[in-house]
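1. could you work out the structure for the sequence below:
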Amino acid sequence: MEKITRKGSLCSVKGMSTQAISDICQEVDPEGKKVCIALYNAPDQIVVGGYEEEVDIVREKCMAAGAIKAVKLNVAAAFPTPVMSEIEGEFASFVEQIPMKDPQIPLLLNCKGGFAESVQDIKKDPTDQCCHMVCWVDCMEKAIAVSDGFVEAGYGKTMAGLMRKIDPEKPCYPASDPRQNGRLLKSIKERG
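-> Have a look, this model is predicted:
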């Protein structure tokens, strides 16, 4: 992280279509090197990122175009946007050195927005996460198709909340919530 010379920023936009936000980003930066969609978190929540000035302009334009909310996020760096391109090569070299095998179980990749098919897929995705859009919705739609429910293993319930926006019918239990743990255990027992 200390090698990043410009940190950039991120802004969460709610209440606009992905296409409308993408159009605004392209209006502000036609080449997509200063600001772009960074994260496709939920059908109604898109995160844009890039250089601070361009992110501020996109934020203002989104609000003027009818966004419900456009909030700057408190982040250390503008992952995953082209602002991070200066570290991508070194990070790719680091990832390439990690011994890996072809996946033995289904493995969803955030930037690919789908399942890994090879070691190269697995090695490419974390590197892509430096500078390329994360397709969370695409990943979760593929996971929904093959699973009965989800457990958010980290602290908090952000991912569980995003999951409910994608499919409100699919159970999603944040492991850090003791009340949800009881519901999860009950669900597991009922399924045998």
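
2. mind listing the helices for the protein?
-> With helices called from DSSP state H, the chain shows them at 18-28, 52-64, 85-96, 119-131, 136-146, 158-166, 178-191.

3. so which of the ones you listed is nearest V35?
-> Ranking the helices of the chain by distance to V35, with C-beta to C-beta as the measure, places helix 52-64 first at 3.7 Å. Backbone N, C-alpha and C define where each C-beta goes, glycine included.

4. run through who's touching the closest one.
-> Residues outside helix 52-64 that contact it (C-beta atoms under 8 Å, 6 or more residues apart in numbering): 7-11, 13, 16, 21, 24-25, 27-29, 34-35, 48-50, 70, 72, 78.

5. so K170 sits against F150, correct?
-> Yes: assessed by C-beta atoms under 8 Å, K170 is found in contact with F150 at 6.9 Å.

6. neighbour count winner among these two?
-> F150 (19 against 15; other C-beta atoms under 10 Å).

7. chain neighbours aside, what residue packs nearest to that one?
-> Setting aside the residues directly before and after it, F150 is nearest to C172 in space (C-beta to C-beta, 6 or more residues apart in numbering), at 4.4 Å.

8. tell me the pLDDT at E31?
-> Looking at E31, its pLDDT stands at 95.

9. E190 too?
-> 78.

10. residues in contact with it?
-> E190 touches nothing, counting by C-beta under 8 Å, 6+ apart.

11. how close does it sit to G149?
-> To G149, E190 is 11 Å away according to C-beta to C-beta, to the nearest Å.

12. ditto for I37
-> Using C-beta to C-beta, I37 is found at 28 Å from G149.
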